[in-house]
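1. pasting the sequence and the predicted model now:
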Amino acid sequence: MPLEDHAERVLDLVATIPEGRVLAYGDIAKRLGGMGPRTVGTVMSRYGSDVPWWRVIRSDGRPPQGLEDDALERWRAEGTPLVGGLVDGSRADMARARWDFGGEVAGTDGAGVRRRRGGLHHVEIWVEDITAAAREWGWLLDRLGYHLGDDWGHGQAWELGSLYVVVESGPDVEGGRHERKRAGVNHLAFHGGSRAEVDAVVADCESGGWSLMFADRHPHAGGPQHYAAYLESGEGFEVELVAD
């Protein structure tokens, strides 16, 4: 389908986003179908000047690239929920600012804002090699049911419901291989589904750039009553897949 045909659908939807609310490029692509987040981004960069473009952003809450200051000024004027508050915040709080297409839903306040206090909002993983990391993390997260919500060249955001995982190698990332045994985060643990589903990921993990850890004790490296797989990425990140 020509870009112009996508453009009409995208712009019509963007024009309906209310003040103080935002959508990620991936939200729009998923809602409309037949396109990906990058197509939505291209439409907005070429044709979006006459619609509220500042309400269409990256899925980690960051403004459109190159338009950060202008978008932030508009967000503050509209009262868009920001991480850190309206004064100090610099990116949208997606748990509160993301527009629910269908209006108010169960579990929201009167303004349609979801209340998930205490729940995990997102995880951001800084990597040295974004090409390798995008392949490895993309493969694994896709197998776990996540979908690619945004891709801005030096980073990606993978979404599962309201939770998203960011893999990024931006200008602030310092070089050096990740070392899980140093003080800090040791590993991430995901629900892996059934035992058969965990086993299937393990069987294919090398094709995705991962290797099985503690192979001599698998699948009970975490204890005799704990069925899980421990995987390591090429950059040394550890992930645990816990079977139901």
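-> Nice, thanks for sending it over. Numbering: from 1, shown residues only.

2. what's the helix or strand of the chain with the lowest mean pLDDT in contact with?
-> Lowest on mean pLDDT, DSSP states H and E among the helices and strands of the chain sits helix 85-88, with a mean of 78. By Cβ atoms under 8 Å, 6 or more residues apart in numbering, the list of residues contacting helix 85-88 from outside reads 75-76, 79. Backbone N, C-alpha and C define where each C-beta goes, glycine included.

3. same thing with stretch 37-50?
-> 3, 6-7, 10-11, 14, 24-26, 28-29, 53, 56, 59, 64, 148-151.

4. same thing but at 7 Å, please
-> Identification of contacts with stretch 37-50 by Cβ atoms under 7 Å, 6 or more residues apart in numbering yields 3, 6-7, 10-11, 14, 25-26, 28-29, 53, 56, 148-151.

5. span of stretch 203-217 from start to end?
-> 16 Å (Cα to Cα, to the nearest Å).

6. just the ones of the contacts of helix 85-88 in helices?
-> 75-76 (DSSP state H).

7. which of the contacts of helix 85-88 are buried?
-> Trp75 (16 or more other Cβ atoms under 10 Å).

8. which of the contacts of helix 85-88 lies closest to Tyr230?
-> Nearest to Tyr230 among the contacts of helix 85-88: Trp75, at 41.1 Å, using Cβ to Cβ.

9. ok, that closest one - contacts?
-> Per Cβ under 7 Å, 6+ apart, neighbours of Trp75: 54, 82, 92.

10. ok, back up a step: next secondary structure after the least confident helix or strand of the chain?
-> Heading C-terminal from helix 85-88, the first helix or strand you meet, by DSSP states H and E, is helix 94-97.

11. where do the domain boundaries of the chain fall?
-> Residue ranges for the domains of the chain, per automatic domain parsing: 3-97, 122-168, 188-243.

12. with Arg182 as the reference, name the closest of these.
-> domain 188-243 (10.4 Å).

13. please enumerate the helices of the chain.
-> Using DSSP H, helices in the chain cover 3-14, 25-32, 37-47, 68-78, 85-88, 94-97, 130-143, 195-204.

14. of all those, which lies closest to Gly176?
-> Taking the helices of the chain one by one with Cβ to Cβ, helix 130-143 is closest: 14.0 Å.

15. CA atoms only: put that closest one into PDB for me.
-> C-alpha atoms of helix 130-143 as PDB (Å, rounded to 0.1, in the frame of the first residue of the first chain):
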ATOM      1  CA  ILE A 130      22.700  -2.600  19.600                       C
ATOM      2  CA  THR A 131      22.800  -4.700  16.400                       C
ATOM      3  CA  ALA A 132      23.600  -7.900  18.300                       C
ATOM      4  CA  ALA A 133      21.400  -7.000  21.300                       C
ATOM      5  CA  ALA A 134      18.400  -6.200  19.100                       C
ATOM      6  CA  ARG A 135      18.700  -9.600  17.400                       C
ATOM      7  CA  GLU A 136      19.200 -11.500  20.700                       C
ATOM      8  CA  TRP A 137      16.600  -9.600  22.800                       C
ATOM      9  CA  GLY A 138      14.200  -9.300  19.900                       C
ATOM     10  CA  TRP A 139      14.300 -13.000  19.300                       C
ATOM     11  CA  LEU A 140      13.700 -13.800  23.000                       C
ATOM     12  CA  LEU A 141      11.000 -11.300  23.700                       C
ATOM     13  CA  ASP A 142       9.200 -12.200  20.500                       C
ATOM     14  CA  ARG A 143       9.100 -15.800  21.700                       C
END
